[in-house]
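A.B. asks: just a sequence and a predicted model for now, questions to come.
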Amino acid sequence: MNPENVETFLVTFVDWDGTVIDEQTVELGSAAIAPADPVRTGYTFTGWDADFSNVTDDMFVTAQYKIKTYTVIFMVDDVVFNSQIIEHGSKVAYPGIPTKAGHTFTGWDKDYSDVTGDLTVNAQFKINEYTVTFVDWNGEVLKKHTVPYGANATAPADPAREGYVFTGWDKDFSSIASDLTVTALYIINPSAVEFVGFTRLVRVYPSTMTYSEIQNDIKGSTPDFTLTTVGGTNINANGMTNRNAVEVKIDGVNGQNLYISTINTAGTESYRVPLKETAPGSGIYAPTNLVSYSFPASLIAPTPPVYKILVYAGDAVIGSLSVTVVNTPPVVTPTVVEFTRLVRVYPATMTYSEIQNDILGVAPDFTLTTVGTTNINANGMTNRNSVEVKIDGLSGQDVYIVNVNNQGVESPNRIKMKETAPGSGIYAPTSLVSYSFNASLLFQPTYKLNIYVDGVTDPIGSLTVTVVN
């Protein structure tokens, strides 16, 4: 074919916005040659939108792009606080306000309003400063200064207070993390105040101790005394039930605050009640509010309960009163009148009625006589009504029965006795009582029943049974 007669076509390469990049005249069936890859800010060129390898007509070929993405990381002290992936030209979302102990956030170290590439942004902080105020006991400011977070405050020179000794400060002022007020602490100067003694303690109960007895027990004496009760195992002694119940003599007071408090039998201290001088210049101080105490304790405990009254000058204890509560055993004189019944004793050589009649209404000793044998096994009192005892003079004490074998050994088990009828004075066991004689009767074995009452060490009566063959 004549080359002059070859058909040609125009291939136009254009950018994303229509700008002509290149124009080429291409023969029918031939390929156009792509221009150099175009560049578009924020995008990556990915190719052309049409195939131009076999041109058969005039054509436009448009450049294709993919938008770029960037990673934006917000850091707080080398720790990722927030991370975002954004497209070119997009806005970064606000990451929030980071926090750091003892610091105030002041912003980020880079502008992230127009991101054109991967970006790391670091938080910026300012260290906080705090005011530490040192004050005296009366609120007077001794020193005030500013301390950065985590640093230690510096105390002023030790303050002085008449009649007291400075002991330190009420709070730790190292590693400051907030505004802080620190107050000077003092104890009473021991040489400034003298506790003389308790001059009055009134209205102490129970009724076995009268007002005047308790008052006279301690008035003008050493500051300790014993409260003795009679006839009970428990006591609830409530005392000092008005504000005039305690008076204390104190010398050398010079504006110090005086208080009184109590410590119960469990060792727990009560709140402190202020003391006030009863008359100007008297040196006698009494509580300005109610003071009370209580002993709810068993007074048979190995250690008698102790109650204390403390007297303070400022925060220092300058005197105390110890009250020891002691219970004396009740005074009792019960006596066994007689054993009124002893039944069901064997062997068959002695009948029920014979044994009963031998001791009924007689002195509390008898002889069990057997004939024709040298040994006997005598088992008796096998039910709770087998023994009855008449007792006079009881005043509420519990009664017990216990047996002593033919070797003279008392049983460790005391069996409680109960009155058979109210007011009868006749007592019987509340559970089984038994005994056994298994011995050669040539030695006349002896068996005993002992009767005990609470509060009395020795038996108040006994029944002796001698077995004679």
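C.D. replies: Now that the structure is in, tell me what you want to look at. Note that this is a predicted model, so its numbers are computed, not measured. Numbers count the residues shown, from 1 in each chain.

A.B. asks: and G168, bridged to which residues?
C.D. replies: L185 (DSSP bridges).

A.B. asks: look up how far I187 lies from it.
C.D. replies: 10 Å (Cβ to Cβ, to the nearest Å). C-beta: built from backbone N, CA, C; applies to glycine.

A.B. asks: out of those two, which sits in the busier spot?
C.D. replies: Just comparing G168 and I187: by other Cβ atoms under 10 Å the higher neighbour count belongs to I187, 14 against 11.

A.B. asks: who's the nearest residue in space to the more buried one that is not next to it in sequence bridged to?
C.D. replies: Leaving aside its chain neighbours, I187 sits nearest to A316 (4.5 Å; criterion: Cβ to Cβ, 6 or more residues apart in numbering). Taking DSSP bridges as the rule, A316 bridges to A313.

A.B. asks: cool, and the one 4 residues further on?
C.D. replies: The residues paired with S320 through beta bridges, assigned by DSSP bridges, are L310.

A.B. asks: what residues are up against it?
C.D. replies: P223, K308, I309, L310, V311 (Cβ atoms under 8 Å, 6 or more residues apart in numbering).

A.B. asks: where is pLDDT lowest across the residues you listed?
C.D. replies: Minimum pLDDT for the contacts of S320 is recorded at P223 (48).

A.B. asks: whichever of the contacts of S320 end up buried, select them in PyMOL.
C.D. replies: Restricted to buried positions by 16 or more other Cβ atoms under 10 Å, the PyMOL selection for these reads:
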select buried, resi 223+308+309+310+311
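
A.B. asks: all helices of the stretch 151-300 of the chain, in order?
C.D. replies: For the stretch 151-300 of the chain, the helices defined by DSSP state H, counting those that start in this stretch cover 211-218.

A.B. asks: now the stretch 351-469 of the chain
C.D. replies: Going by DSSP H, counting those that start in this stretch, the stretch 351-469 of the chain shows helices at 352-359.

A.B. asks: where does it have low pLDDT?
C.D. replies: Within the stretch 351-469 of the chain, the stretches with pLDDT under 70 are 351-386, 432-445, 465-469.

A.B. asks: and for the stretch 51-200 of the chain?
C.D. replies: Of all residues in the stretch 51-200 of the chain, those with pLDDT under 70 make up the ranges 190-192, 197-200.

A.B. asks: from N122, how far out is D114?
C.D. replies: With distances taken as Cβ to Cβ, D114 is found 18 Å from N122.

A.B. asks: so for the two, which residue has more residues nearby?
C.D. replies: N122 (14 against 9).

A.B. asks: the more buried one pairs with what?
C.D. replies: M75.

A.B. asks: for it, what are its contacts?
C.D. replies: By Cβ under 8 Å, 6+ apart, the neighbours of N122 are F74, M75, V76, W108, D109, K110.

A.B. asks: of the residues you listed, buried ones?
C.D. replies: F74, M75, V76, W108.

A.B. asks: so the second one sits against P98, correct?
C.D. replies: No: no contact is recorded between M75 and P98 when judged using Cβ atoms under 8 Å, the distance being 9.2 Å.

A.B. asks: what sits in contact with each of those two?
C.D. replies: F81, A123.

A.B. asks: what is the end-to-end distance of stretch 57-77?
C.D. replies: The first and last residues of stretch 57-77 sit 63 Å apart, counting by Cα to Cα, to the nearest Å.

A.B. asks: could you do stretch 88-102 as well?
C.D. replies: Start and end residues of stretch 88-102 are separated by 37 Å (Cα to Cα).
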